[in-house]
Structures are given as structure tokens and as C-alpha cells.
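Peer 1: Fold the following for me, if possible:
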Amino acid sequence: MHRFTKIVATLGPASTEPQVLADLVAAGIDVVRLNFSHGTVADHRARLDSLREAMHRHGRTVGVMGDLQGPKIRVGKFAGSKVLLKGGQAFVLDADCKLGDAGRVGLDYPELVDDVVAGDVLLLDDGRIVMDIQRIDGGEIHCIVRHGGELSNNKGINKQGGGLSAPALTPKDMEDIKTAATLDVDYVAVSFPKCGADMLQARELLRAANSNAMLVAKIERVEAVANLEDILDACDGVMVARGDLAVEVGDAAVPALQKRIIRRARERNRFVITATQMMESMIHSPVPTRAEVSDVANAVLDGTDAVMLSAETAAGEYPVETVEAMARICVEAEKSMDVSLDVHFLNRVFTRIDQSIAMAALFTAVHLKVKAIAALTQSGSTALWMSRLTSGVPIYALTPEISTRYKCSIFRGVIPLLTRDGTGTNRDDMLNEAESELIRAGAVAPGDLIVITIGEPIGEPGGTNTLKLVKIGEHRPTS
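Peer 2: Here you go, the predicted structure:
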């Protein structure tokens, strides 16, 4: 069975060896994530070189996402690298402390003292340690530990309920945007955006670096949830980044938020990635827990475009097995999804011809039970629109644009195929090439009925205006 949901795999030490990367490509990864919080430019470039060799060997398209670190607010370092905090003890976050001990530790973000007041709650190390702020004294934040535990160097700090003023783009992020452009990534993920303006700033920097990468907004702040519509206006896709999001809004609120974010992103023609701890036990285990299986399956049933692996493939002991397990779960979950497009067309008005053609192609494909949809596209927009509704029909994005081929790799249910340059080519030649590409890819066989969308004049983006029903093997397509 064709898998519709895409898999994003983070690259790291566990997935550096060329053979491991080749095995990951063979196992079914669709996008790789370069985490700019770790590694050097040389590390990322070497992994991408190996990835491209593996893609060529296996004949697959794998997109590349660069993930910016963002303003991660952390404690400083301890004299002994870690301390054990007990509930009820006093502890100070001290902007001037150079080396911490059991009573205090430094801050890599001194401005935190201006963002908090007595009564606020701080969550350290992804919420494992909880502190109540008693008072602010100059550059010192005096706390009482509510829930203790081991605290080690450079662990993150969140404020319960949000409200930190740190900008989404740090100087490091601005440099990493330039790096992402030189690495020719297909997507750039922005960490901790609070509003659409943060995404617009990132887009300006990206374009100034001569990159047309798509922008992904990571929803992980309380403010981002409140400004979701504004952020959706300014980005190409979103990531449900459940780690920091759970710390800020409370873990119990995350499942409903995940469903809401996925639904709104699809309604707004944005792609969506569900991330964080999806198969975390497989960092050290060759099989997932039953809870993880349900988590991945529910994200698929929610309609996410992609599910993402982080440490599982970057630093885990079973990176390839994790991808194989995730792929199996996605396929099984997709078998139970209902296809009922008709309700989605009620009370909807399409004002653009190309978007109307995309929706008509879906409607026709489902009711005539065609084998595949072939979208001949320059920009990938037609394939994206089709993928926003669940049709159960594979969508093949046939494009002469190499960048579009890779950008389409994250869209749910879309298989990108590269065609020759369509400029100056007549329509019948393009339709015949589309048939040939689908046959070569093993998607169709003679006698199969398919839907093809194409724009005229040939080769102009945004011009999809024609829908054709084609029976594979017939000399001339029929309207």
C-alpha cells in the first residue's frame, strides 16, 4: 500500500555513516532535518552529500529542512556539571554567577530577570524541575524548588504560561539562515515565533540570502497558539513542537491543540508536521511502546502531513528500525481513514481557477475511482491544494523544477517526479510524458484511468486551468 503520511528524520551522529543514511532512505524517509542547535556546517554538508548519493542510488526524493535553534533560554554551568535539587529548598538563578553550585546557577539570558515577577512559575529541563519565584533582587531570581531532581549544565528554562520577551531570531539564527541558503535546503523551521512578524522577518532574511526555501513555524509558545491565524498567514507550514509547547501550556492541553493546529493548517492550505517524542523509547529499544504506536497513528488520523523523529534517528541505537516501525504504523492507520470529500465542498467558494481545477480533480478522482492524480505543476501549489483533503488517491506532482520536486516531498499523499522542461512543449507531448513517467514509476498500468491537471500556456506558474481524464495506453487523452 502507498504510504500517504511523510516521515521526517533528524540527522546526527547515529545517522552520519553513508550506509546508515542509505538504509534510512531505503526505509522510507521523506525529509531530513538538520538541527542547527548541534553540529558544524561541515557536519551538515557531509551528511547531505551522503544523502544525495543515497537518493540517487535508490531513486527517491528526500527534502531537506534546516531547523533554527531559536532563543533557547538555559541555565549556565555547574562546578561539578550537575546538582541534585530537593523540594522545598531555596535556589537562585543569578545572571552574574559564573559557575553554579547546589544553591545557585548562572543564566545565558540575563534579561530573564525583567520578564518574571514574584509568583511566576519556572520549569527547567522540559518541566522535570519546577520552581516558584519568591522575589527578584537585582540580577537574582530567588526561587523555592517545588519539584526537585537532577539539574545539569545548560538545561532549558520555560515560564509557565509564556510571556518571555526573547526575540524569535537570535544573531546565531540569522547566521544559520545564511548557512541554510548555502546548503540549499528546501525548508527552514523557525523556533519560538510569537507572531506573523517573526516569520516575515525570517522570510526577508532568507530571500536576502538568495533562498526560496519554504518557511515552517514551530508552534511552541503560548503566544504562538494565541496568534495562530497570524502565523499561518506568514508561513508555508507549521510544526506542532510538543516539547516546549507542553511545558508552556501544560501537557494535558497538547492533544486538543495538536488537533486544532492540524485542522487549521489544512484549512489554510499549509502543510503540518507533528513532532517530539513520537518514538522516544526506540532511542534504546528495537520496538516502540504501545502508547507510541497510538500517538503516531492518532497524528496520522488527525491529518498531519508528516511525523517527525528527533533523537531517535539523530542519536538513537536503532535509527533504521525506528523509521521502518513508523512507516508501518502510518500505513496501518491510513487504512482506517474515511474518504468523504463531498462535505468539504459544501458552502465553499473557489475564486481561483487553478484552485477550482485542483478541487474538481479530487472530486472526479474519488467518484470515478481513478488509479492516480497527475498534477503537472511549476510551483507545486496544485499538488499542495489537492493534498489538503483526504481522497485516498495518490497525487503525483510532475514538475520540471528541481526545487519544486523537493518542496513537494513533505505534502501528504504527494509523490514528486521530475520531468523535462515544459517550456515551448505542446500539451499532448506533456500529457504523453506524464503517462510515461507514471508507468516508469510503477504507479499505473495500461487500462488504468487517471486524472491529469495541466495549465496553458505550458510552462507558466499559477496557470492550471485544464482537467483531463486519461486511460493509460490510449493514443489520445479523452476529455
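Peer 1: Torsion angles phi and psi at the residue lying closest to residue 27 once chain neighbours are set aside?
Peer 2: Take residue 27 and drop its neighbours on the chain: the residue closest to it by Cβ to Cβ, 6 or more residues apart in numbering is residue 323, 4.2 Å away. Where you see a C-beta, it was placed from the backbone N, CA and C, and this is true even at glycine. Main-chain torsions, residue 323, degrees, to the nearest 10: phi -60, psi -40.
Peer 1: wait, residue 323 sits on residue 24?
Peer 2: Yes. With contacts defined as Cβ atoms under 8 Å, residue 323 counts as touching residue 24 at a distance of 5.8 Å.
Peer 1: Need the overlap of contacts for these two.
Peer 2: Taking Cβ atoms under 8 Å, 6 or more residues apart in numbering as the contact rule, residue 323 and residue 24 both touch 9, 313.
Peer 1: Using PDB, list the CA coordinates for the helix or strand harbouring residue 357.
Peer 2: Using DSSP states H and E, residue 357 sits in helix 353-367. Taking Å, rounded to 0.1, in the frame of the first residue of the first chain, the C-alpha atoms of helix 353-367 are listed here in PDB:
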ATOM      1  CA  ILE A 353      -9.400  28.900 -11.500                       C
ATOM      2  CA  ASP A 354      -6.300  26.800 -10.600                       C
ATOM      3  CA  GLN A 355      -7.700  26.000  -7.100                       C
ATOM      4  CA  SER A 356     -11.100  25.100  -8.600                       C
ATOM      5  CA  ILE A 357      -9.400  22.700 -11.000                       C
ATOM      6  CA  ALA A 358      -7.500  21.100  -8.100                       C
ATOM      7  CA  MET A 359     -10.700  20.500  -6.200                       C
ATOM      8  CA  ALA A 360     -12.500  19.200  -9.300                       C
ATOM      9  CA  ALA A 361      -9.700  16.700  -9.800                       C
ATOM     10  CA  LEU A 362     -10.100  15.400  -6.300                       C
ATOM     11  CA  PHE A 363     -13.900  15.100  -6.700                       C
ATOM     12  CA  THR A 364     -13.600  13.300 -10.000                       C
ATOM     13  CA  ALA A 365     -10.800  11.000  -8.800                       C
ATOM     14  CA  VAL A 366     -12.800   9.800  -5.800                       C
ATOM     15  CA  HIS A 367     -16.200   9.300  -7.600                       C
END
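Peer 1: could you say which helix or strand contains residue 452?
Peer 2: Assessed by DSSP H and E, residue 452 sits inside strand 449-455.
Peer 1: circling back to that earlier point, can you name the residues that contact the residue nearest to residue 27?
Peer 2: Contacts for residue 323 (Cβ under 8 Å, 6+ apart) come out as 7, 9, 24, 27-29, 309, 313.
Peer 1: now, which of those residues lie within strands?
Peer 2: Those of those mapping onto strands are 7, 9, 309, per DSSP state E.
Peer 1: mind giving me a markdown table with those residues and columns for distance to residue 361, pLDDT and neighbour count?
Peer 2: Formatted as a markdown table, the ones in strands among the contacts of residue 323 follow (distance: Cβ to Cβ, whole Å; pLDDT from 0 to 100; neighbours: other Cβ atoms under 10 Å):
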| residue | distance to residue 361 | pLDDT | neighbour count |
| --- | --- | --- | --- |
| 7 | 26 | 98 | 27 |
| 9 | 31 | 98 | 28 |
| 309 | 32 | 98 | 28 |
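Peer 1: If anything else comes up later, I'll come back, but that's it for now.
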